[in-house]
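Student: The sequence isn't on hand, but the structure is:
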Ligand code: PLP
């Protein structure tokens with residue numbers, strides 16, 4: 001990202017996306033909330049709203065093609081399989097991966113657990129080729145202090161199951177990864193490094209290159225949590241250089257219930273399954289079973305077919321907008337929001353103060369008012385934000401705050417939404433009698 005912090009405060013650079021036209025694509029944005037107020041939706045980081053094309057794709061699937069893919073010899077099953085696999089191909093192309101490297105999961109959390117359980121199951125796998133990446137006693141897993149619980153707790157649990165040790169990279173005071181001890185934290189004992197590309201609470205975009213390079217030096221796998229990056233910026237797995245990339249459909253205009261585990265093929269192929277059952281087997285006998293190659297090996301049971309089709313439509317929508325423009329749009333809004341919020345006495349942004357290597361998650365505290373109370377006042381004004389620890393408890397602890405208020409932006413967000421947020425924060429200060437003058441006193 002380029003630096004926009006040098007712009008005069010309050011500057012509204014022209015937004016790359018046509019906000020009014022985009023809003024018209026989102027039926028939910030036409031409704032009002034809290035007695036007729038316009039919905040100002042600033043919680044896309046938790047889950048995004050869905051454009052009509054995604055809703056239509058799901059409805060069309062159920063109305064016209066519904067069947068279990070990869071089963072049955074009838075026309076509907078063929079059509080369902082075709083739609084399911086076409087979505088896989090589109091999503092693979094979207095991130096620059098091969099079709100057989102895209103595994104559908106329920107969400108990011110499910111994708112991370114799939115890898116974590118595969119690594120612990122590997123130790124006891126009957127098939128010798130599944131033992132290559134086994135994690136056990138004496139091994140280490142590395143995460144960062146910035147991770148969402150989804151990219152922390154599964155690794156803690158893996159360590160408990162296997163006797164491996166969890167280590168982590170810390171944070172700097174301005175909300176960035178502290179890489180000063182990278183060479184010691186990631187070492188010959190490291191089996192896997194799991195790191196987020198973009199923080200859901202600080203907005204920080206992490207420098208993955210040195211981390212991936214160090215992991216390669218010591219022969220460790222790398223998992224990138226793309227839950228907050230894939231929806232908001234171009235991401236290409238070849239450039240990333242990691243072994244796994246995970247993300248959620250519902251955060252990128254798609255349906256809930258579908259996520260993606262992209263894995264480098266040779267790595268996926270050397271991993272045992274996590275969930276087992278139908279759809280993922282090659283041959284089943286009473287004495288034992290063999291498994292399909294990836295991606296089917298990791299897709300046990302009838303999959304979330306309509307949701308996958310809906311995610312394909314979401315990706316098509318984003319491709320039409322262009323991910324470069326999506327990123328530039330959010331960067332302009334983020335620069336403006338940071339300037340406007342930091343101009344309010346008593347407001348402290350938790351995370352990088354400008355748009356350098358930063359995405360559109362803006363977390364802040366308001367002196368003298370608990371974040372939950374800020375959220376309550378904003379909600380009364382029709383402004384939806386998230387308050388709390390944002391499933392990244394170690395981060396709020398690191399910065400010594402009980403919680404934050406977080407605004408997140410997306411393709412339908414405009415300057416009017418940011419203005420509403422800033423005015424809402426001022427309204428909260430007035431409501432609680434914490435005037436800007438008092439806040440700075
Ligand atoms: N990782 C990050 C960075 C996130 O922001 C989230 C959700 O907010 C997740 C992982 C978990 O995503 P999901 O709940 O869709 O599994």
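Tutor: Structure received. No experiment lies behind these values; they were computed from the predicted model shown. Numbers count the residues shown, from 1 in each chain.

Student: list the contacts for residue 385?
Tutor: 42, 43, 375, 378, 405, 406, 407, 421 (Cβ atoms under 8 Å, 6 or more residues apart in numbering). To be clear about C-beta, it is placed using only N, CA and C from the backbone, and glycine gets the same treatment.

Student: Quick check: the third one vs the ligand, distance?
Tutor: Residue 375 sits at a distance of 17 Å from the ligand (criterion: Cβ to the nearest ligand atom, to the nearest Å).

Student: who in the stretch 101-250 of the chain is up against the ligand?
Tutor: The stretch 101-250 of the chain has residues 107, 108, 109, 148, 150, 151, 196, 200, 225, 227, 228, 248 near the ligand, with proximity defined as Cβ under 6 Å from any ligand atom.

Student: just checking, which of the contacts of residue 385 belong to strands?
Tutor: Members of the contacts of residue 385 lying in strands (criterion: DSSP state E): 405, 406, 407.

Student: Using JSON lines, lay out those together with pLDDT, distance to residue 61 and neighbour count.
Tutor: Shown next, in JSON lines, are those (pLDDT from 0 to 100; distance: Cβ to Cβ, whole Å; neighbours: other Cβ atoms under 10 Å):
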{"residue": "405", "pLDDT": "97", "distance to residue 61": "38", "neighbour count": "29"}
{"residue": "406", "pLDDT": "98", "distance to residue 61": "33", "neighbour count": "26"}
{"residue": "407", "pLDDT": "98", "distance to residue 61": "33", "neighbour count": "30"}
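
Student: Name the member of these with the shortest distance to the ligand.
Tutor: Minimum distance to the ligand across those is 10.4 Å, recorded for residue 406 (Cβ to the nearest ligand atom).

Student: The closest one bridge partners, please.
Tutor: Residue 406 forms beta bridges with residue 363, residue 386, as assigned by DSSP bridges.

Student: I figured it hits residue 384, correct?
Tutor: No. Judged on Cβ atoms under 8 Å, residue 406 makes no contact with residue 384 at a distance of 11.0 Å.

Student: In the stretch 1-150 of the chain, mark out all the strands, start to finish.
Tutor: Secondary structure of the stretch 1-150 of the chain (DSSP state E, counting those that start in this stretch): strands at 32-33, 37-38, 40-41, 102-105, 140-144.

Student: What strands flank the second one, and is each parallel or antiparallel?
Tutor: Sheet pairing of strand 37-38 (DSSP bridges) gives strand 32-33 (antiparallel).

Student: Run through who's touching the partner strand.
Tutor: 38, 39, 382, 384.

Student: how about the residues you listed in TSV, adding pLDDT, neighbour count and distance to residue 258?
Tutor: Converted to TSV, these look like this (pLDDT from 0 to 100; neighbours: other Cβ atoms under 10 Å; distance: Cβ to Cβ, whole Å):
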residue	pLDDT	neighbour count	distance to residue 258
38	98	17	30
39	98	18	25
382	98	18	29
384	98	16	23
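
Student: Of those residues, which is the nearest to the ligand?
Tutor: For the contacts of strand 32-33, the residue nearest the ligand by Cβ to the nearest ligand atom is residue 384; the value is 15.0 Å.

Student: What are the phi and psi values at that closest one?
Tutor: Reported as degrees, to the nearest 10, the phi and psi values for residue 384 are phi -100, psi 110.

Student: show me the contacts for it.
Tutor: 33, 39, 40, 41, 42, 43, 378.

Student: which one of these sits closest to the ligand?
Tutor: Relative to the ligand, and with distances defined as Cβ to the nearest ligand atom, the nearest of the contacts of residue 384 is residue 43, at 10.4 Å.

Student: That closest one against residue 388, yeah?
Tutor: No. The criterion here is Cβ under 8 Å, and residue 43 misses it with residue 388 at 11.6 Å.

Student: Can you give the domain ranges for the chain?
Tutor: Following automatic domain parsing, the chain resolves into domains at 19-49+322-431, 66-319.

Student: Turn those domains into TSV, including distance to residue 55.
Tutor: Formatted as TSV, the domains of the chain follow (distance: least, Cβ to Cβ, whole Å):
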stretch	distance to residue 55
domain 19-49+322-431	7
domain 66-319	8
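
Student: Low-confidence stretches in the chain?
Tutor: For the chain, the stretches flagged by pLDDT under 70 are 1-10, 436-441.

Student: What residue in the stretch 301-441 of the chain comes nearest to the ligand?
Tutor: residue 391 (5.9 Å).

Student: Are we agreed that that residue is in a helix?
Tutor: No. Judged by DSSP: H, G, I helix; E, B strand; the rest coil, residue 391 forms no part of a helix; its state is coil.

Student: tell me the contacts of it?
Tutor: Listed by Cβ under 8 Å, 6+ apart, the contact set of residue 391 reads 148, 149, 150, 200.

Student: Buried members of the residues you listed into PyMOL, please.
Tutor: Buried subset of the contacts of residue 391, written as a PyMOL selection, criterion 16 or more other Cβ atoms under 10 Å:
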select buried, resi 148+150+200
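
Student: closest to residue 192 among the contacts of residue 391?
Tutor: Nearest to residue 192 among these is residue 150, at 15.2 Å by Cβ to Cβ.

Student: picking up where we left off before, of the contacts of residue 384 - the most surrounded one?
Tutor: residue 42 (27 neighbours; other Cβ atoms under 10 Å).

Student: Please look at that one and residue 407 and confirm they touch.
Tutor: Yes. If you go by Cβ under 8 Å, residue 42 and residue 407 touch, sitting 4.1 Å apart.

Student: what is in contact with the two at once?
Tutor: In terms of Cβ under 8 Å, 6+ apart, residue 42 and residue 407 are both contacted by the residues 385, 421.

Student: Would you mind listing the buried residues in stretch 97-105?
Tutor: Residues of stretch 97-105 classed as buried: 97, 100, 101, 102, 103, 104, 105 (neighbour count, 16+ other Cβ under 10 Å).

Student: Among those, which one lies nearest to the ligand?
Tutor: residue 105 (8.7 Å).

Student: Can you spell out which residues form a bridge with the closest one?
Tutor: Under DSSP bridges, the beta-bridge partners of residue 105 are residue 259.

Student: right, and it touches residue 260 too?
Tutor: Yes. The pair residue 105 / residue 260 is scored as a contact, 6.7 Å apart, by Cβ under 8 Å.
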